[in-house]
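Asks: Pasting the sequence and the predicted model now:
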Number of protein chains: 2
Amino acid sequence: MYYPEPIAKLIDSFTRLPGIGSKTAARLAFHVLRMDEENVVEFAKALVSVKRNLLYCSVCCNITDTDPCRICQDKTRDPSCICVVQEPKDLIAMERMKEYNGKYHVLHGAISPMEGIGPDELRVSELLNRLTDERVQELILATNPNIEGEATAMYLSRLVKPFELRVTRIAHGLPVGGDLEYADEVTLSKALEGRREI
Amino acid sequence: MYYPEPIAKLIDSFTRLPGIGSKTAARLAFHVLRMDEENVVEFAKALVSVKRNLLYCSVCCNITDTDPCRICQDKTRDPSCICVVQEPKDLIAMERMKEYNGKYHVLHGAISPMEGIGPDELRVSELLNRLTDERVQELILATNPNIEGEATAMYLSRLVKPFELRVTRIAHGLPVGGDLEYADEVTLSKALEGRREI
């Protein structure tokens, strides 16, 4: 053992984070050593607080510090539309757009037989419970445009058939600022398939 | 504000670390959210412990959790030779080599007029105090082979003249496994200058 124990432990903790190898971990640990104690204590508190003070919203399953979450409590948001996303990060991406004014539902994953994740591992039953509310008229499936996301969207669209809602899927096509030349075949084929009159 | 407060704070703390931007910070914070509470608490404790339980060795100025540090306490290590390095990380690089059996002295920096770091900001007086010990016979200057490190080595070599010690500088030359073709001129010139009979 070359490092004194406290710093070795911190390096070990940093190494457990994704994308941080032993050299980066050592660099970060030595940076912490030079930080103000105040900031370090704040960092430590933030870490524990994330685990202890965050919970899942009992309505939409998003992470939140109040239950129900701020979006579910917000009376100005349209309760007739629920946008289904895979992860809390996806919800944040939607919110950043500032154009969607409905509610959300966070699945916390997507169906993936390869990883052994079936519908039971996702927050699907919570979604079905919400659909019994007569105000809900549209379900927007905004899972990721990859195999797992598509499979999840397909599964959900069939599952909610009995509720007789309008079920939509976000559009596939060329990203804005993209280049036709570099677009892959599947995206291009989806873009052509989804063409609209102008 | 898109994120719930606890996670926003954690993202903010991660962003303060070097080389971590807002997207990486968000990824790390969400990873923490999925970690076991036990590991997160351990991480938080390690952070605070690094600030509170580490101190500088009163002899060699290295970071340590015991004073004097383990190397300074070690009776099997040769007290006649002191290797001067810039940072604790450099000491660890030397130790990793497993060939040096003397003592160390950590300067915590190098002379850099550009950054306003003069000899007074370094642990130079502590070094001079140690040289009054008659057992010390050699001082190895192992500061980095760049302008600041060279200036520091030059400064120290002149400063310790009155002690009549053997003062040496680690060798400059081609790194092992390096390629003559890609060596820069200065390194090559140093390698030629430092040539030895075989």
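Replies: On my side now, so go ahead. Numbering: from 1, shown residues only, chains lettered A, B, ... in the order given.

Asks: Just want the angle from the lengthiest helix in chain A to helix B:37-53.
Replies: The helix spanning the most residues in chain A, taking DSSP state H as the definition, is helix A:37-53. Helix A:37-53 runs at 170 degrees relative to helix B:37-53, counting by axes from the mean of the first three to the mean of the last three CA atoms, to 10 degrees.

Asks: Run the chain-centre distance for whichever strand in chain A runs longest.
Replies: Longest strand of chain A, by residue count under DSSP state E: strand A:78-85. In this view, strand A:78-85 has its centroid 15 Å away from the chain centroid, taken as CA atoms, centre = their mean, to the nearest Å.

Asks: Then stretch A:174-188?
Replies: The answer for stretch A:174-188 is 24 Å, by CA atoms, centre = their mean.

Asks: Check stretch A:161-177 too.
Replies: The chain centroid and the centroid of stretch A:161-177 are separated by 17 Å under CA atoms, centre = their mean.

Asks: Only the buried residues of that stretch, if you could.
Replies: Buried residues in stretch A:161-177, counted by 16 or more other CB atoms under 10 Å in any protein chain shown: A:165, A:167, A:169, A:173. Just so you know, the C-beta spots here come from the backbone N, C-alpha and C atoms, and that holds for glycine as well.

Asks: Is the helix or strand that the longest helix of chain A is followed by positioned near chain B?
Replies: Once the chain leaves helix A:37-53, the next helix or strand it forms, by DSSP states H and E, is strand A:55-56. No: Strand A:55-56 does not reach chain B (CB under 8 Å from any CB of the partner chain); its nearest approach is 9.5 Å.

Asks: helices or strands up against strand A:55-56?
Replies: If you count contacts as 3 or more CB pairs under 8 Å, 6 or more residues apart in numbering or on different chains; DSSP states H and E, strand A:55-56 packs onto strand A:63-64.

Asks: Let me see the ranges of the strands in chain A.
Replies: Shown for chain A, the strands assigned by DSSP E span residues A:55-56, A:63-64, A:78-85, A:102-106, A:138-141, A:166-169.

Asks: could the ones you listed go into CSV alongside mean pLDDT?
Replies: Below are the strands of chain A laid out as CSV (pLDDT from 0 to 100):
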stretch, mean pLDDT
strand A:55-56, 90
strand A:63-64, 91
strand A:78-85, 94
strand A:102-106, 95
strand A:138-141, 94
strand A:166-169, 93
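
Asks: Columns distance to A:A25 on top of the ones you listed, output as JSON lines?
Replies: Compiled in JSON lines, those are given as follows (distance: least, CB to CB, whole Å):
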{"stretch": "strand A:55-56", "distance to A:A25": "30"}
{"stretch": "strand A:63-64", "distance to A:A25": "26"}
{"stretch": "strand A:78-85", "distance to A:A25": "32"}
{"stretch": "strand A:102-106", "distance to A:A25": "31"}
{"stretch": "strand A:138-141", "distance to A:A25": "39"}
{"stretch": "strand A:166-169", "distance to A:A25": "41"}
